[in-house]
Each structure stands twice: as structure tokens, then as C-alpha cells.
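Novice: structural data only, the sequence is not supplied:
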């Protein structure tokens, strides 16, 4: 048996940054994502977000690829949202996402950050946050 902790902080947004995720819709979507992840053996420690994006702290099993996990979460939830007419208009997640590894010593800090998204976004927009992450983690140096 392999013992692995592969913590990742993942973020993805709605297509064109449209604010589909009202408080009620966000709650439904998050509950669905958590239930679907459990069924597929994906461990989500925290998930929360704001009107146009979600943050997720997850741990990958040894046989899981991040791209497949994100595809499963985003693709299935988008399908579910549209099938159940959760939003007034056709829902889509943006194609891009970002993910960074998190050391065990920073897990509590990331959990707190994800839990406090409403408060955080009273001070900073998703656009500002996105640009900050791109610069902080050097993603602008590695397009694609």
C-alpha cells in the first residue's frame, strides 16, 4: 500500500468570469461537487468560492492525475448544473484552472483562506486575485 499526501490548492472560474454562483447556487454546486468527488474517491478537504470562481484544497491518491481530477470535477458539475437547470442560462466553467502544491505546514492557512472567501472578496476582486496568483507562482513564465 502506498501512503501519499499530495495537497493541492486548485482554483477555477466560470466562463467569461460570469457571476453565476450566487450564495444559493454556490451552496448547491459545492454540495454536489463534494458528493460526486466522494463517489469517485477524490478527497476534497475544503471547497468554497465567490460569484465567479471556486477554490478547492484536495489531496490526490497515488493513482490520480491532477488534470483528470479537475476534468471530472468541472465537467461533471457543469453537466449537472445544466441538466438540473441550476442557473438561468447555460453554465460553463472556464477552460483554464490553476493548481499549486501546498506543504503540510501551510494546510491550516490555506483552509482558512478558502473558508473566508466572502470576506476576502469584499477587499479584492477575482480579477485582482487571479493576476496576483499568476505573478506569485510565476505562471506567466510558463504559458499553457
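Specialist: Received, thanks. None of the values given here were measured: they were computed from a predicted structure.
Novice: so where do the strands sit in the protein?
Specialist: Taking DSSP state E as the test, the strands found in the chain are 7-14, 43-50, 53-59, 93-101.
Novice: dump those strands into TSV; add distance to residue 35, mean pLDDT and mean neighbour count as well.
Specialist: Every residue, glycine included, has its C-beta placed from N, CA and C. Output for the strands of the chain, formatted as TSV (distance: least, C-beta to C-beta, whole Å; pLDDT from 0 to 100; neighbours: other C-beta atoms under 10 Å):
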stretch	distance to residue 35	mean pLDDT	mean neighbour count
strand 7-14	18	96	20
strand 43-50	10	97	19
strand 53-59	14	97	22
strand 93-101	18	94	15
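Novice: tell me which of the ones you listed sits nearest to residue 125.
Specialist: strand 43-50 (9.1 Å; C-beta to C-beta).
Novice: quick one: which of the strands of the chain is nearest residue 117?
Specialist: strand 43-50 (4.8 Å).
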